[in-house]
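Undergrad: have a look; sequence and predicted model below, questions after that.
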Amino acid sequence: MTLVSDAPAREPVEHEGPLRRFYPAAIAIVVLAGAAFFSWTRSDMWLDEALSVNIARLPLGDLPDALERDGAPPLYYVLLHVWTGLFGSGDVAARSLSALFAAGAVVATWFAARRPAGTRGAWIAVVVMAANPFTIRYATEARMYMLEILLVACGILAVLRAIERPTVGRLAVVTLIATLLVYTQYWAFYLVGVVGLVFLIVKQWRVFAAMAVGVVLFAPWVPIFLSQRAHTGTPWGDPVLPGLPIGETFLEFGGGEEQEGWLLLLILVPLMLLGVFGRAVDSRRVELDIHGAPEARWTALVGGATLVVGVTLSYLAGQAFEPRYSAIVFPFFVLLVARGVTTFVDARVQVAVLVLVVALGWLGGARNVTEQRTQAGAVGAVLVAEAQPGDVVVYCPDQLGPAVERVGPAGLLQLTYPDLAGPELVDWVDYQERLDAADPDAFVDEVFARAGDHRIWYVTGPGYPNHHGVCEAITDRFSASRERVERVIPEEKFFEKPGLIEFRLPPT
């Protein structure tokens with residue numbers, strides 16, 4: 001049975017002629033533009049980002065307890081803790097760690113693609129990775145997904161090298177990357193499981209053992225992991241049958257539900273299929289092999305099986321799905337798309353295809369850079385301008401707290417429903433059960449007692465099914481006793497759309 005690394009490197013069938021001299025400059029432009037896209041977005045941090053930074057700012061000894069309540073593994077938060085300790089926790093500083101991971105992922109992609117696709121295919125993979133809206137999005141988010149993409153790209157290279165020559169050093173690198181992956185994002189277990197099964201089938205015992213050791217090194221975190229599985233999960237969403245998440249994954253790889261995202265999807269998916277099944281015949285013909293091209297067969301099998309296993313087991317476990325979870329298979333997708341481009345041996349066709357991929361990717365990237373992900377900035381601006389000492393800021397749902405608190409004024413009493421806790425963190429432990437057991441009337445009475453004659457600033461928003469109309473009921477209770485003034489109206493154009501209502505005592 002032939003593995004990826006056994007296949008000969010592929011080079012173009014025909015020469016490029018005068019186009020050759022333009023390639024280095026064009027690639028440099030794409031990479032530099034990618035670096036610019038990776039470096040900045042005008043958006044304020046939304047819930048997940050603000051929550052990540054708040055957790056990372058805790059003392060290292062407090063991280064296990066905080067993450068047990070959050071539901072995530074620790075590696076990214078430890079790295080972000082060190083990073084923000086050095087460079088600060090502002091938006092640009094915190095997000096720059098992900099930008100660094102993105103740059104590393106582009107480099108690792110070149111090395112991972114060079115073996116099965118040749119030097120030309122490696123540079124094409126760099127272009128696809130650097131210009132893709134999915135890369136750009138998570139290079140500008142303070143979340144673990146870009147670290148995950150970097151580790152997977154490095155892991156592909158490490159596994160290929162270990163298969164070629166399973167020395168102790170190369171196997172140790174496989175162990176290290178497997179360990180780092182499972183400490184970064186729990187979907188990594190699906191990838192490690194699929195790859196491990198493949199190695200058992202093809203009798204690559206030493207590489208399998210190296211990966212198994214990586215999983216064993218996860219043992220110290222197992223008690224917290226089991227607690228998370230039992231008590232956190234994804235209470236903010238419902239499980240979905242696997243077909244829809246697979247479609248959402250490819251749409252997200254194209255840039256989402258915007259027009260340019262759909263157009264890029266219509267280019268990337270056929271290229272991926274050509275990458276799996278295509279073989280160049282001449283400058284006008286591409287032959288399809290339903291068994292898959294030898295140099296792409298295992299990339300497609302591992303990436304595809306990981307995605308199918310991930311969405312299926314998540315559904316069976318009652319977990320909700322978000323397309324960002326599929327970051328674990330994104331490097332495989334990039335490699336297959338790049339190989340699909342190489343099946344066009346006419347250099348002019350390759351260039352035309354890449355121009356479309358880059359242009360549509362940049363459109364999606366520009367949208368990510370210029371658009372706001374959250375309305376928290378508008379809420380924070382009102383609070384900074386008008387809230388006075390003694391005023392109380394109330395959040396329902398509590399999921400709006402981290403983003404608004406980050407851009408709001410310091411020194412105010414801020415309370416979240418139902419626990420009357422601060423807004424910096426969200427406690428996901430038994431989330432729905434705690435909401436169902438809460439008493440909204442007692443909560444409102446306590447807020448009135450703490451506010452006294454001062455104003456109540458109520459941060460609330462639509463789209464949070466966990467609360468079953470409770471936040472609206474709290475609004476009505478506040479309105480029954482105080483004058484209500486709508487200050488910020490939630491707008492549908494935002495992904496996260498907190499509104500702000502001011503409640504003041506009626507004039508006497």
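TA: Here it is on my side, so go on.
Undergrad: contacts, neighbours, all on C-alpha from now
TA: Noted.
Undergrad: got the contact list for the closest residue to Ala305 other than its chain neighbours?
TA: Among residues not flanking Ala305 along the chain, Val194 sits closest, at 6.9 Å (CA to CA, 6 or more residues apart in numbering). Neighbouring residues of Val194 by CA atoms under 8 Å, 6 or more residues apart in numbering: Val302, Ala305, Thr306.
Undergrad: what pLDDT does the model give Val194?
TA: We have a pLDDT of 96 for Val194.
Undergrad: for the host helix or strand of it, buried residues please.
TA: Here Val194, judged by DSSP states H and E, is contained in helix 188-201. Residues of helix 188-201 classed as buried by neighbour count (16 or more other CA atoms under 10 Å): Ala188, Phe189, Tyr190, Leu191, Val192, Gly193, Val194, Val195, Gly196, Val198, Phe199.
Undergrad: any idea how far the last one is from Arg161?
TA: Okay, so that is Phe199. To Arg161, Phe199 is 14 Å away according to CA to CA, to the nearest Å.
Undergrad: what of the third one?
TA: Distance from Tyr190 to Arg161, counting by CA to CA: 22 Å.
Undergrad: avg pLDDT for the host helix or strand of Val30?
TA: Element membership of Val30, judged by DSSP H and E, is helix 23-39. For helix 23-39, mean pLDDT is 85.
Undergrad: equivalent analysis for stretch 415-431, please.
TA: 95.
Undergrad: now the strands for the stretch 301-450 of the chain?
TA: 392-396, 413-416 (DSSP state E, counting those that start in this stretch).
Undergrad: can you say which of the ones you listed is nearest to Gln319?
TA: Closest to Gln319 of the strands of the stretch 301-450 of the chain is strand 392-396 (CA to CA; 23.5 Å).
Undergrad: all helices for the stretch 51-200 of the chain, in order.
TA: Taking DSSP state H, counting those that start in this stretch as the test, the helices found in the stretch 51-200 of the chain are 63-70, 75-87, 91-131, 133-139, 145-164, 168-182, 188-201.
Undergrad: just those: most buried one?
TA: helix 133-139 (a mean of 28; mean count of other CA atoms under 10 Å).
Undergrad: packing partners for that helix?
TA: In terms of contacts (3 or more CA pairs under 8 Å, 6 or more residues apart in numbering; DSSP states H and E), helix 133-139 is packed against helix 23-39, helix 91-131, helix 145-164, helix 243-254, helix 347-370.
Undergrad: okay, those helices in CSV with distance to Arg206 next?
TA: CSV is the format used below for the helices and strands packed on helix 133-139 (distance: least, CA to CA, whole Å):
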stretch, distance to Arg206
helix 23-39, 37
helix 91-131, 20
helix 145-164, 9
helix 243-254, 32
helix 347-370, 39
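Undergrad: relative to Phe443, which of those is closest?
TA: Going by CA to CA, the one of those nearest Phe443 is helix 91-131, 32.9 Å.
Undergrad: that closest one to helix 75-87, inter-axis angle?
TA: 120 degrees (axes from the mean of the first three to the mean of the last three CA atoms, to 10 degrees).
Undergrad: packing partners of helix 91-131?
TA: Against helix 91-131 (3+ CA pairs under 8 Å, 6+ apart) you get helix 23-39, helix 75-87, helix 133-139, helix 145-164, helix 294-316, helix 330-342, helix 347-370.
Undergrad: now the angle from that helix to helix 23-39?
TA: 150 degrees.
Undergrad: could you export the helix holding Val30 as CSV, CA atoms only?
TA: C-alpha atoms of helix 23-39 as CSV (Å, rounded to 0.1, in the frame of the first residue of the first chain):
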residue,chain,number,x,y,z
TYR,A,23,5.9,33.9,-10.4
PRO,A,24,8.2,35.1,-7.6
ALA,A,25,6.9,38.6,-7.6
ALA,A,26,3.3,37.4,-7.7
ILE,A,27,3.8,35.0,-4.8
ALA,A,28,5.6,37.7,-2.8
ILE,A,29,2.6,40.0,-3.3
VAL,A,30,0.1,37.4,-2.2
VAL,A,31,2.2,36.5,0.9
LEU,A,32,2.7,40.2,1.8
ALA,A,33,-1.0,40.9,1.4
GLY,A,34,-1.8,37.9,3.5
ALA,A,35,0.6,39.3,6.2
ALA,A,36,-1.3,42.6,6.1
PHE,A,37,-4.6,40.9,6.4
PHE,A,38,-3.4,38.7,9.3
SER,A,39,-2.2,41.8,11.1
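Undergrad: quick check: buried residues in that helix?
TA: Ile27, Val30, Val31, Gly34, Ala35, Phe37, Phe38, Ser39.
Undergrad: so how far is it off the chain centroid?
TA: How far helix 23-39 lies from its chain's middle: 22 Å, per CA atoms, centre = their mean, to the nearest Å.
Undergrad: ramachandran coordinates for Gly278?
TA: phi -90, psi 150 (degrees, to the nearest 10).
Undergrad: which pLDDT value goes with it?
TA: Looking at Gly278, the pLDDT reads 88.
Undergrad: that one: how many residues sit nearby?
TA: Close neighbours of Gly278, defined as other CA atoms under 10 Å, add up to 25.
Undergrad: is it in contact with Asp289, as I believe?
TA: Yes - counting by CA atoms under 8 Å, Gly278 touches Asp289, with 6.4 Å between them.
Undergrad: show me what contacts Pro462?
TA: Pro490, Lys497, Pro498.
Undergrad: please, which helix or strand holds it?
TA: Secondary structure (DSSP H and E) places Pro462 outside all helices and strands.
Undergrad: ok, now the one 10 residues further on?
TA: Under the criterion DSSP H and E, the helix or strand holding Glu472 is helix 470-481.
Undergrad: now do the buried residues in that helix.
TA: Val470, Cys471, Ile474, Thr475, Phe478, Ser479.
Undergrad: what residues are up against the first one?
TA: To tie it back to what came earlier, the one meant is Val470. Pro440.
Undergrad: 10 Å instead?
TA: Counting by CA atoms under 10 Å, 6 or more residues apart in numbering, Val470 touches Cys396, Pro397, Tyr417, Pro418, Leu435, Asp436, Ala438, Asp439, Pro440, Asp476.
Undergrad: any regions of the stretch 1-150 of the chain where pLDDT drops low?
TA: 1-22 (pLDDT under 70).
Undergrad: Glu141 against Arg42, yeah?
TA: No - taking contacts as CA atoms under 10 Å, Glu141 lies outside contact range of Arg42: 11.4 Å.
Undergrad: quick one, which of these two is more surrounded?
TA: Glu141 (27 against 14).
Undergrad: phi and psi next, for that one.
TA: With angles defined as degrees, to the nearest 10, Glu141 sits at phi -120, psi 140.
Undergrad: now it. Nearest residue, chain neighbours left out?
TA: Arg95 is the one closest to Glu141 (CA to CA, 6+ apart), at 5.6 Å.
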